[in-house]
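> Return a 3D structure for these sequence lines:
(2 chains)
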2 protein chains.
Amino acid sequence: MTFAAQYFSKNQDRFISEWKEFLSFPSVSTDPAYSAECSACADWVATHLVRLGFRAELWPSATKPLVYGLLPGNPAKPTVLFYGHYDVQPPEPLELWTSPPFEPTIRDGRMYARGAQDNKGQVFFFLKALEALRAQGVDLPTIKVLIEGEEESGSVAMHAALPEWREPLAANILMVCDTGMVAHGRPTITMGLRGIIGCEVQVHGPAIDLHSGIYGGLVLNPIHALTKIVSGMFHDDGSIAIPGFYDGVVEPSPEDKARANGAPIDLDAIARNLGVPFAGGERALPPMERRGFRPTIEVNGIGGGYQGVGGKTVIPSYAMAKISSRLVAGQDPEATLRKIQRYVRDAAPVGCRVEFTAEKVGGQAFRLSTTSPVVTIATEAIRRSFGCEPVFLWEGASVPIIPDLASVSGSEPLLVGFGLEEDAIHSPNESFSLRQLEEGYRYTVSFFETL
Amino acid sequence: MTFAAQYFSKNQDRFISEWKEFLSFPSVSTDPAYSAECSACADWVATHLVRLGFRAELWPSATKPLVYGLLPGNPAKPTVLFYGHYDVQPPEPLELWTSPPFEPTIRDGRMYARGAQDNKGQVFFFLKALEALRAQGVDLPTIKVLIEGEEESGSVAMHAALPEWREPLAANILMVCDTGMVAHGRPTITMGLRGIIGCEVQVHGPAIDLHSGIYGGLVLNPIHALTKIVSGMFHDDGSIAIPGFYDGVVEPSPEDKARANGAPIDLDAIARNLGVPFAGGERALPPMERRGFRPTIEVNGIGGGYQGVGGKTVIPSYAMAKISSRLVAGQDPEATLRKIQRYVRDAAPVGCRVEFTAEKVGGQAFRLSTTSPVVTIATEAIRRSFGCEPVFLWEGASVPIIPDLASVSGSEPLLVGFGLEEDAIHSPNESFSLRQLEEGYRYTVSFFETL
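Residues are numbered from 1 along each chain as shown, chains lettered A, B, ... in the order given. Next up is the predicted model:
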């Protein structure tokens, strides 16, 4: 039994009681009623960091304070910046909780509380791993910690102030434990996230809704114009037809493609569950490549004219579509948005006025290769502590703060998390098992030993 | 001064008081609260017909009674079936009326009341013209009158029972005074109406709305499928791309095209008012031909996904479009609907389930030519009584009961009405001027004299 394993079992009761303290704060960031509780939770984190040997600070902001900690270490080793969040999702609906969301309760080896996993559980195993590593006297790198209080509500303060924090955040590796694994005992490295941009296209036609008999065939129907604009964005094979849209897209290596396609994920089961085959996007490519390595455009909403019961024979004066686009490595968010805007302008037929509004700008993608240095370290750490190869997942979702933080700090993101589907994050009865806590702890210890 | 003109001026006060009686009935057909008033109004019409020499009957129905009248006449002349309606639109909002809607009031030569024009005013001048013609001893054809009580609420009873009334309704000319003229003193013949069919297309995708990051590029977005289906209905020149859609469409004569294009209508002013050019439909054709002689497809409503404020990055599980199509002479409503259905089925991409629901079936078009016998008679009648040529308008709207009634009765529709924009039908302060009443009376007298 390793030192760390002994340390975990010896101190388990204390760990649980500290973890319960952390989970007791109703640090709901979206609701201003919980401001004081958020601040109290930030204090708790800062105090805990000090106890671990960190120099800790609370960085105030117009919204929620951020907790920053610095633990100077061996300058020959790569500096690690750990990012997490102490805020949680609202607990409602309360009546669906078996035990109250802010009265952490263990049942059948699982801790039930809002935030048990997301993200307090995964922050907590990181802190306890550091405690064990220091108790063992392991030669640690300089470790910086940034725990924010608004991840669930847009990271407003962080986005605003990131550029000013370039120096205190400077690091080589951005460590994040806010993701999941495919199964118990199968640590999973999130190898990439897509970026995101959004826009709204509004098509304005006649001044008022018109009688479709009197004006049908005379006035251009804004819905027709909009469907032409939208459908023209795609080729028949599902690829995107907007000029220059794929410019700069970084092609992954054949090895990474093979790894993505080989991930232990039962795509057939997922498709069966959704009731549809994976017939979207660039159908010529395997699903995992489409999700991990290819950008998309999705119309998230469309509306115009009469949508009620029965019929109403109008030519509407207006139609609109809400559109978002997932970007991949190599695509510039601003430039891509401009390409979409130019396409919309060029595709708009005569007889209507088209308005384009950018809604989300700047969500960059990031992508690692299996040959990236951080991935090599994490792979080795996982081999040592779990005796197996990591699972590599190139994800399709977007967490804009991570590429931004990586860029400001000059670090490479390394996302290894221990969440499972059954944790029910964001839902009633959120939980995290002691087994997952231990797995995260074990990985973290191994990571710093490997470094 | 003609006999009819003298008769009008001599009896004007009585005419006005009878007209006011007719207008006093709140014969609102959409609101069951007015059922008794509708029946009372039907009684009034039947009694009036009897006074004019008709054999009148009330035809009961599950909803509102119909008034039928028969005045046998010269069998050598074409039998005339006059169709009108005694029901009116609801008068709300009441506070916008200067005088109460069912207390008919004359101001500045105009009768203000709900129904003053639509359709009681235009029925009334027909009745008074008959009275004058009989007083003069003019040799009249057999005249049949059908005044229904549900025109403003779908002509339910009529549609249901029409086939049973083939014999009592049999006629050569279907006379309708429920339309407008382009200006005072410019009687206008409505030379055609388009038919109408409708449907709803629903596109079902994944079982629930999905995260557009996790599933973007994997699952087909139902909105994309719908916009592809809709935009594929049209060629780039605005013509309809559905296979066989134009089958059977009757091409008008070059003379009729010229008449349609030459109608004294200020298209530029209308377009200016709408704020858009006439850039819809088959743009290669002149606007009046597009409206009068060509069928259309219009999406009256479209919806899917998130339409609220801001954005929501989902792939929706569902999208739908409400579609109607205006048909022209030669197109079979049922067959055309089946062609649209077949197109939708064939255009639906893999990865979604498309549902097609027929909503309106059977609205046939009708079209006259300037060489039609009824048009020749009406033209002559207008020349005689107004000293000018009629205006010929091929309309784009649909009044399905008219082609149906024409078909059952075996007659040719002849639509000459004396409404003007300023009458504000269906709106507060509906009115009809004594001048329009006299114009309608004058035309009707001339029509029967010409016959």
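> who touches the residue of the stretch 301-450 of chain A found nearest chain B in this structure?
Shortest the stretch 301-450 of chain A-to-chain B distance, computed as C-beta to the nearest C-beta: residue-wise this is residue A:351, at 2.8 Å. No exception for glycine: its C-beta is placed from N, CA and C like everyone else's. Residues near residue A:351 by C-beta atoms under 8 Å, 6 or more residues apart in numbering or on different chains: A:205, A:219-220, A:225, B:276-280.
> In helices only, show me the residues you listed.
residue A:225 (DSSP state H).
> Throw the contacts of residue A:351 into CSV and include pLDDT and neighbour count, thanks.
Below are those laid out as CSV (pLDDT from 0 to 100; neighbours: other C-beta atoms under 10 Å in any protein chain shown):
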residue, pLDDT, neighbour count
A:205, 97, 30
A:219, 97, 28
A:220, 98, 24
A:225, 98, 27
B:276, 96, 24
B:277, 95, 18
B:278, 96, 22
B:279, 96, 18
B:280, 96, 29
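> Check residue A:311 and give its pLDDT.
With respect to pLDDT, residue A:311 has a value of 83.
> Could you do residue A:362 as well?
Turning to residue A:362, the model gives it a pLDDT of 64.
> circling back to that earlier point, give me phi/psi at the nearest residue to the residue of the stretch 301-450 of chain A closest to chain B once chain neighbours are set aside?
Once its chain neighbours are removed from consideration, residue A:351 has its nearest residue in residue B:279; the separation is 2.8 Å (C-beta to C-beta, 6 or more residues apart in numbering or on different chains). Phi and psi for residue B:279, reported as degrees, to the nearest 10, are phi -110, psi 20.
> In contact with residue B:279: list those residues for me.
With contacts defined as C-beta under 8 Å, 6+ apart, the neighbours of residue B:279 are A:219-220, A:349-352.
> ok so, going back, got the contacts of residue A:351 as JSON lines, with distance to residue A:55 columns?
Converted to JSON lines, the contacts of residue A:351 look like this (distance: C-beta to C-beta, whole Å):
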{"residue": "A:205", "distance to residue A:55": "62"}
{"residue": "A:219", "distance to residue A:55": "69"}
{"residue": "A:220", "distance to residue A:55": "65"}
{"residue": "A:225", "distance to residue A:55": "60"}
{"residue": "B:276", "distance to residue A:55": "66"}
{"residue": "B:277", "distance to residue A:55": "69"}
{"residue": "B:278", "distance to residue A:55": "73"}
{"residue": "B:279", "distance to residue A:55": "68"}
{"residue": "B:280", "distance to residue A:55": "69"}
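> from the contacts of residue A:351, which two are the most distant?
With distances taken as C-beta to C-beta, the most widely separated pair in the contacts of residue A:351 is A:225 and B:278, at 14.5 Å.
> Work out which residue lies at the spatial centre of chain A.
Nearest to the centroid of the C-alpha atoms of chain A, with distances taken as C-alpha atoms, centre = their mean, sits residue A:399, at 3.4 Å.
> in the sheet, who's paired with the closest residue to that residue other than its chain neighbours?
The shortest distance from residue A:399 to any non-neighbouring residue, by C-beta to C-beta, 6+ apart, is to residue A:193 (5.5 Å). Beta-bridge pairing of residue A:193, defined through DSSP bridges, involves residue A:366.
> which SS class is residue A:378?
Assigned by DSSP: H, G, I helix; E, B strand; the rest coil, the conformation of residue A:378 is helix.
> Please apply the same query to residue A:299.
Under the three-state scheme (three-state DSSP), residue A:299 adopts strand.
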